[in-house]
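Asker: Predicted model and sequence below, questions to follow.
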Amino acid sequence: NNFFLFLFEEILFSIIFLLISIFFFLFFFLFILLLLFSLYRCRLFVFYSLFLLMFLPIFSFFL
């Protein structure tokens, strides 16, 4: 019974970690697209670069 509980916790943790990593990958992909779009609009480029600096510690934590 204890073994199954441990197995369940491991599976749950791996699923949660997988979902978080997929979410951050999609977020990063969308951010790159927004960054490429903002190259056409230079005034937004400053905003997105500040946004990247804000989220850089989170990305470094997951990588």
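Answerer: Thanks, I have the structure now. Numbers count the residues shown, from 1 in each chain.
Asker: Local confidence estimate at the residue nearest the centre of the chain?
Answerer: Closest to where the C-alpha atoms of the chain average out (CA atoms, centre = their mean) is residue 24, at 1.7 Å. Predicted confidence (pLDDT) for residue 24: 84.
Asker: Verify the stated contact: it with residue 31.
Answerer: No - if you go by CB atoms under 8 Å, residue 24 and residue 31 don't touch, sitting 10.0 Å apart. Where you see a C-beta, it was placed from the backbone N, CA and C, and this is true even at glycine.
Asker: re the thing from before, quick check: the residue nearest to the centre of the chain vs residue 14, distance?
Answerer: 16 Å (CB to CB, to the nearest Å).
Asker: quick revisit: any idea whether the residue nearest to the centre of the chain is helix, strand or coil?
Answerer: helix (DSSP: H, G, I helix; E, B strand; the rest coil).
Asker: please renumber so the chain begins at 22
Answerer: OK, 22 is where the count begins now, so the last one is residue 45.
Asker: and it, how far is that from residue 31?
Answerer: On the measure of CB to CB, residue 45 and residue 31 end up 21 Å apart.
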